[in-house]
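> Here is the input, now give the coordinates:
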Amino acid sequence: MRKVSGLEAVYQDYEDKVAFYYVYKALAHPELDGFVQPVTLEERLAHVAAAKERLDTGFTWIADSMGNDLKHAFGDRPNSEFVISPKGEVLVARGWSDPEALREDLVKLVGPSETITKPEDLGRKPAEPAKSEYASGVVERVDRPDGAVALVTKPLLEEAGEEGAE
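So this is what the prediction gives:
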């Protein structure tokens with residue numbers, strides 16, 4: 001939660017000069033927060049609403065497509081951070097969010113803030129993760145045996161009336 005609080009502190013100091021957005025994409029480990037990976041946009045939007053409330057954030061949230069098109073366009077980084085100019089130019093690209101470095105970038109790009117908010121100044125108390133009504137518990141991760149590979153399958157669905165259907 002420290003990184004989120006650090007970003008919120010930067011947001012507090014620069015929200016009148018810069019637009020801030022969280023992009024919600026597929027989660028690497030949704031089970032760590034009591035979630036099940038969404039399979040529909042409606043489920044993803046429900047995750048966005050829960051995350052926004054849980055994190056007690058002032059940021060605007062954007063839900064990526066179910067294909068994670070925005071994430072892919074920006075390089076598939078897990079917790080990336082970008083500073084984008086009003087003209088759409090990427091001025092700063094980080095593979096991992098760093099609130100202190102973001103503050104330094106903003107000082108250079110738009111000038112110093114009149115205030116320096118610290119995460120502890122926010123008085124925010126992020127909520128505990130919600131437990132999914134669909135998850136029965138966390139399945140422990142296991143190491144893949146040597147030589148084993150993941151198998152990805154794609155079902156072939158036949159409609160009634162097509163070859164092979166009676």
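> From here on, just use CA atoms for contacts and neighbour counts.
Fine.
> which helices and strands does the helix or strand where Phe82 lies pack with?
Taking DSSP states H and E as the criterion, Phe82 maps to strand 81-84. When contacts are defined as 3 or more C-alpha pairs under 8 Å, 6 or more residues apart in numbering; DSSP states H and E, strand 81-84 packs onto strand 90-94.
> can you list the residues that contact the helix or strand just after the strand it packs on?
Counting by DSSP H and E, the next helix or strand C-terminal to strand 90-94 is helix 99-110. The contact list for helix 99-110, computed with C-alpha atoms under 8 Å, 6 or more residues apart in numbering, reads 3, 6-7, 10, 17, 92, 112-113.
> which residues sit against the strand holding Phe82?
90-98.
> which of the residues in stretch 76-91 are buried?
80-83 (16 or more other C-alpha atoms under 10 Å).
> Ignore what I typed, I meant stretch 39-48.
44-45, 47-48.
> how far does that stretch sit from the chain's center?
13 Å (C-alpha atoms, centre = their mean, to the nearest Å).
> Would you list the phi and psi of the spatially most central residue of the chain?
Centroid check for the chain by C-alpha atoms, centre = their mean gives Tyr24 as the closest residue, at 3.8 Å. Tyr24 has phi and psi values of phi -90, psi 120 when expressed as degrees, to the nearest 10.
> show me the contacts for it.
48, 61-64.
> 6 Å instead?
63-64 (C-alpha atoms under 6 Å, 6 or more residues apart in numbering).
> returning to that earlier point: specify which member of the contacts of strand 81-84 is nearest to Leu157.
Gly95 (39.0 Å; C-alpha to C-alpha).
> how near is that closest one to Asn79?
6 Å (C-alpha to C-alpha, to the nearest Å).
> Same check on Phe35?
18 Å.
> Buried only: go through the contacts of strand 81-84 for me.
97-98.
> so can I have JSON lines of the contacts of strand 81-84 showing distance to Glu31 and pLDDT?
Below are the contacts of strand 81-84 laid out as JSON lines (distance: C-alpha to C-alpha, whole Å; pLDDT from 0 to 100):
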{"residue": "Val90", "distance to Glu31": "32", "pLDDT": "91"}
{"residue": "Leu91", "distance to Glu31": "34", "pLDDT": "93"}
{"residue": "Val92", "distance to Glu31": "31", "pLDDT": "94"}
{"residue": "Ala93", "distance to Glu31": "28", "pLDDT": "92"}
{"residue": "Arg94", "distance to Glu31": "25", "pLDDT": "92"}
{"residue": "Gly95", "distance to Glu31": "23", "pLDDT": "89"}
{"residue": "Trp96", "distance to Glu31": "21", "pLDDT": "90"}
{"residue": "Ser97", "distance to Glu31": "21", "pLDDT": "90"}
{"residue": "Asp98", "distance to Glu31": "24", "pLDDT": "93"}
